[in-house]
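S.K.: sequence below, structure please.
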Amino acid sequence: MMKKKMSIGIHDFKELIERNYYYVDKSMFIYELVAQESAKVTIIPRPRRFGKTLNMTMLKYFFEKPLDCSSNAHLFKGLAISQYPEIMARQGTHPIIFITFKGIKSSTWDECYKELKTAVSVEFKRHAYILQHEIVSDSDKKIIVDIIEKKADIHDYKYALAFLSTLLCKIHGTKPIILIDEYDAPMHAGFEFTYYEEIKNFMYSFFCAGLKDNNNLEFSVITGILRISKESLFSGINNTATFSLMNDIYADKFGFTHDEVATIHDYYTLPFDIAEIKRWYNGYRVGSEKVDGTFTTIYNPWSIIECVSNKKIGPFWINTGGHFLIQETMKYASAEDKDALQSILDGKAVTQTINDAIVFDTIYTDSTSMWSFLVFTGYLTWEARTDMIGKTTAALIAPNFEVQDALKTMVMSWFSSAGIEDTFKEMVSALINLNLPYFGELFSESVMASVSFFDVPKVRPENMYHAFVLGMFVTLADTYVITSNLEAGKGRYDVAIVPKDRTKPGAVFEFKRKLKKDPRTLEQVAQEALEQIDERQYTLPLKKQGITRIAKVGIAFEGKEVEVAFSVEE
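M.R.: The predicted structure is shown next:
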């Protein structure tokens with residue numbers, strides 16, 4: 001018997017079912033949604049490519065009231081939800097407003113506004129039949145036509161949800177359900193391309209008008225990547241419930257469980273072991289901690305679908321784009337946060353405070369916002385988590401090999417974007433070969449070339465130097481262990497590079513920032529940093545490990561200026 005095809009890029013539930021593609025049954029999402037219907041507005045944030053649009057179109061085809069004698073009930077035949085007649089009785093009972101903002105990523109507010117108008121216009125056009133009803137006034141018909149033709153005033157687009165829900169309720173005699181897919185896509189674009197205030201103001205009016213105290217609304221479901229702080233977008237909308245990755249409800253309804261992936265593996269008789277699939281794509285912790293101390297873990301569905309279709313393992317999800325804000329967030333992280341990120345890249349867990357309500361304005365400046373952003377966009381997950389009132393602390397790790405490798409690639413992209421990737425690699429080579437004069441020359445050259453890219457002094461200058469350390473870590477990760485801020489001798493060194501092969505040379509770095517009021521030259525401060533390595537015996541831990549050749553590097557910086565002093569201990 002011919003096996004069902006695995007769908008690639010099909011996000012429409014009806015198309016997937018009617019064309020007989022392989023479907024991982026998530027229809028019990030409908031059951032859970034009905035069970036939680038006490039909330040008027042349900043917000044479900046999940047990372048990119050986690051099946052949000054497919055689930056939202058499933059809701060559309062389940063609840064939507066047909067205009068003729070046709071029915072979508074056949075789409076659910078044989079699915080888990082079909083075993084619940086009391087839920088199936090609600091199939092086809094409500095008009096639906098379905099708007100997706102997926103793909104909105106314009107670089108200007110004017111272009112973004114055009115895309116917003118198009119998204120709203122598409123849904124009004126789908127309901128163009130209401131123009132034939134006598135119950136709709138001529139003035140309302142004009143607004144409808146203007147919205148469809150994208151000629152309406154901005155006020156009409158802001159109030160489009162409220163306007164259309166009122167008309168649909170009158171015509172059908174039943175309150176509509178509003179489904180908004182990828183609600184925060186325009187917000188991401190606005191933040192990236194500096195029109196955040198304009199898009200925030202538009203979306204605030206759009207949602208408040210359509211969802212706040214709307215007596216013509218049955219309920220609403222909203223999906224996106226992030227839960228944007230209520231104060232930023234949903235202020236004043238009562239009776240909302242948000243179910244993020246930290247909630248048990250809907251925990252296994254987005255993404256694939258291990259059992260679901262094991263079934264896929266066996267069905268397609270894939271030529272590689274399930275353990276390798278798990279290493280590459282599993283690991284997203286969701287929900288609360290279980291009695292046995294574990295969490296439900298979810299696979300990235302996009303990567304699984306691509307893996308099956310291509311019959312090979314590789315970096316699929318991470319190659320779908322959308323990394324700009326992640327790269328910028330990591331780039332502007334504090335020195336301490338860059339050190340923590342280095343530990344994660346080394347496979348270690350780091351404990352941080354996270355919050356599932358993101359304030360976009362602070363992701364470059366606030367540590368909690370940065371770590372939260374990385375978690376809820378799918379680049380990190382928790383190994384352990386402690387939830388307290390108003391605060392959550394979590395031991396954070398990369399969820400799987402695919403993401404961990406991508407994070408390393410992003411670090412190196414800083415240097416390629418600055419045009420110094422080759423210089424950087426040559427600099428690292430000079431260091432491990434103890435060609436320290438050349439290393440110092442290339443280091444100074446790289447710093448000067450990177451000044452505009454790392455935006456000194458927009459961020460603290462030392463953050464740039466920790467970015468260089470991260471880059472060294474990624475470049476040398478296979479053959480060296482990079483540690484920072486550890487006790488050694490009579491103090492704590494800044495950075496040490498320890499070879500896994502003890503016959504190779506190691507290195508110890510000490511960074512010093514020269515203040516403007518300091519009368520010494522930058523060369524003198526660099527020399528002091530070098531002498532501190534000797535005075536405080538920072539090389540002692542490396543010697544104890546049998547490393548006999550050690551580069552000692554003192555680096556002094558003042559804003560955009562840098563000086564390197566060095567010696568070799570043999």
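
S.K.: show me what contacts Y21?
M.R.: Listed by Cβ atoms under 8 Å, 6 or more residues apart in numbering, the contact partners of Y21 are K4, K5, M6, S7, I10. All C-beta spots, glycine's among them, are computed from the backbone N, C-alpha and C.

S.K.: could I get the full set of strands for the stretch 51-200 of the chain?
M.R.: Under the criterion DSSP state E, counting those that start in this stretch, the stretch 51-200 of the chain contains strands at 96-100, 177-181.

S.K.: how about the last one: buried residues?
M.R.: This means strand 177-181. I177, I178, L179, I180, D181 (16 or more other Cβ atoms under 10 Å).

S.K.: check contacts around the second one.
M.R.: Counting by Cβ under 8 Å, 6+ apart, I178 makes contact with I96, I97, I99, L161, S165, G210, L211, L217, F219, S220, V221.

S.K.: 10 Å instead, please
M.R.: 41, 95-99, 161-162, 164-165, 168, 207, 210-211, 214, 216-222 (Cβ atoms under 10 Å, 6 or more residues apart in numbering).

S.K.: again with the third one
M.R.: Contact criterion Cβ under 10 Å, 6+ apart gives 55-57, 59-60, 63-64, 96-100, 123, 219-223 as the residues in contact with L179.

S.K.: same question for the last one.
M.R.: Counting by Cβ under 10 Å, 6+ apart, D181 touches 11, 52-57, 59-60, 98-102, 119, 221-224.

S.K.: same thing but 6 Å
M.R.: Going by Cβ atoms under 6 Å, 6 or more residues apart in numbering, D181 touches T53, M56, T100, K102, T223.

S.K.: same check on the fourth one?
M.R.: With contact taken as Cβ under 6 Å, 6+ apart, I180 is in contact with I99, I222.

S.K.: which SS state does T42 fall under?
M.R.: Classification of T42 using DSSP: H, G, I helix; E, B strand; the rest coil returns strand.

S.K.: can you give me the separation between the nearest residue to it once chain neighbours are set aside and V34?
M.R.: Of all residues not flanking T42 in the chain, V221 sits nearest, at 4.9 Å (Cβ to Cβ, 6 or more residues apart in numbering). From V221 over to V34 the distance is 11 Å, taken as Cβ to Cβ, to the nearest Å.

S.K.: out of those two, which sits in the busier spot?
M.R.: For V221 and V34, the more surrounded residue by other Cβ atoms under 10 Å is V221, and the numbers stand at 21 against 16.

S.K.: give me the pLDDT for the more buried one.
M.R.: V221 carries a pLDDT value of 98.

S.K.: same check on I318?
M.R.: Per the predicted model, pLDDT is 77 at I318.

S.K.: what's the neighbour count on the closest residue to it other than its chain neighbours?
M.R.: Among residues not flanking I318 along the chain, A406 sits closest, at 3.9 Å (Cβ to Cβ, 6+ apart). Neighbours of A406 under the rule other Cβ under 10 Å: 19.

S.K.: ok, and what's touching whichever strand or helix holds A406?
M.R.: Element membership for A406, per DSSP states H and E: helix 401-417. Contacts of helix 401-417 with the rest of the structure, by Cβ under 6 Å, 6+ apart, involve 279-280, 315, 318, 327, 331, 345, 379, 398, 421, 424, 470-471, 474.

S.K.: if any of those residues are buried, give me the ChimeraX selection for them.
M.R.: In ChimeraX syntax, the buried subset of the contacts of helix 401-417 is picked out as below (16+ other Cβ under 10 Å):
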select :280,315,318,327,331,345,379,398,421,424,470,471,474
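
S.K.: for the stretch 351-500 of the chain, just list every one of the strands.
M.R.: 381-388, 391-397, 480-484, 487-488, 491-492, 495-499.

S.K.: quick one: average pLDDT of the fourth one?
M.R.: Strand 487-488 shows a mean pLDDT of 78 in the predicted model.

S.K.: distance between it and the chain's centre?
M.R.: Centroid separation between strand 487-488 and its chain, computed with Cα atoms, centre = their mean, to the nearest Å, is 36 Å.

S.K.: ok, that strand: who's next to it in the sheet?
M.R.: When pairing is defined by DSSP bridges, strand 487-488 lines up against strand 491-492 (antiparallel).

S.K.: any residues touching the strand it pairs with, and which ones?
M.R.: Residues contacting strand 491-492 (Cβ under 6 Å, 6+ apart): N485, R536.

S.K.: go again using 10 Å as the cut-off
M.R.: Outside strand 491-492, the residues touching it (Cβ under 10 Å, 6+ apart) are S484, N485, L486, E510, Q532, I533, E535, R536, Q537, Y538.

S.K.: ok, the second one - how many residues close by?
M.R.: Okay, so that is N485. Using other Cβ under 10 Å, N485 is surrounded by 12 other residues.

S.K.: next one: the fifth one
M.R.: Q532 is surrounded by 18 other residues when neighbours are defined as other Cβ under 10 Å.

S.K.: please name the nearest non-neighbouring residue to it.
M.R.: Per Cβ to Cβ, 6+ apart, closest to Q532 is E510, 5.4 Å.

S.K.: please apply the same query to the last one.
M.R.: Of all residues not flanking Y538 in the chain, Y493 sits nearest, at 4.0 Å (Cβ to Cβ, 6+ apart).

S.K.: output the below-cut-off pLDDT ranges for the stretch 451-570 of the chain.
M.R.: 451-463 (pLDDT under 70).

S.K.: show me where it has its helices.
M.R.: 461-476, 522-535, 540-544 (DSSP state H, counting those that start in this stretch).

S.K.: what helices or strands is the second one leaning on?
M.R.: Just to be clear, that refers to helix 522-535. The contact analysis (3 or more Cβ pairs under 10 Å, 6 or more residues apart in numbering; DSSP states H and E) places helix 522-535 against strand 491-492, strand 506-513, strand 550-558, strand 561-569.

S.K.: okay, the angle between it and strand 561-569?
M.R.: Orientation of helix 522-535 against strand 561-569 (axes from the mean of the first three to the mean of the last three Cα atoms, to 10 degrees) gives an angle of 30 degrees.

S.K.: mind listing what's buried along helix 522-535?
M.R.: Buried, per 16+ other Cβ under 10 Å, within helix 522-535: L522, V525, A526, Q527, E528, A529, L530, Q532, I533.

S.K.: need those residues in CSV with distance to H127, can you?
M.R.: Formatted as CSV, the buried residues of helix 522-535 follow (distance: Cβ to Cβ, whole Å):
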residue, distance to H127
L522, 68
V525, 70
A526, 70
Q527, 75
E528, 73
A529, 69
L530, 73
Q532, 72
I533, 72
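
S.K.: what's the closest of those to T269?
M.R.: Within the buried residues of helix 522-535, the smallest distance to T269 is 58.1 Å, found for I533 (Cβ to Cβ).

S.K.: gap between the closest one and Y465?
M.R.: From I533 to Y465 the distance is 16 Å (Cβ to Cβ).

S.K.: what does D266 give?
M.R.: Counting by Cβ to Cβ - D266 and Y465 are separated by 51 Å.

S.K.: these two - which one has more neighbours?
M.R.: Y465 (23 against 10).

S.K.: tell me what the residue nearest to that one when sequence neighbours are not counted is bridged to.
M.R.: The shortest distance from Y465 to any non-neighbouring residue, by Cβ to Cβ, 6+ apart, is to F511 (5.6 Å). Going by DSSP bridges, F511 is paired in beta bridges with I555.

S.K.: again, but for A384
M.R.: For A384, the beta-bridge partners are A395 (DSSP bridges).

S.K.: and it, how many residues sit next to it?
M.R.: Close neighbours of A384, defined as other Cβ under 10 Å, add up to 15.

S.K.: now for it: which residues touch it?
M.R.: R285, E289, G293, F295, A349, T351, T393, A394, A395, L396, I397.

S.K.: confidence score at D138?
M.R.: 97.

S.K.: please enumerate the helices of the stretch 51-200 of the chain.
M.R.: Under DSSP H, counting those that start in this stretch, the stretch 51-200 of the chain gives helices at 52-63, 85-88, 109-126, 138-148, 154-158, 160-172, 185-192, 196-211.

S.K.: out of the ones you listed, nearest to K500?
M.R.: From these, taking Cβ to Cβ, the stretch that ends up closest is helix 185-192, at 39.1 Å.
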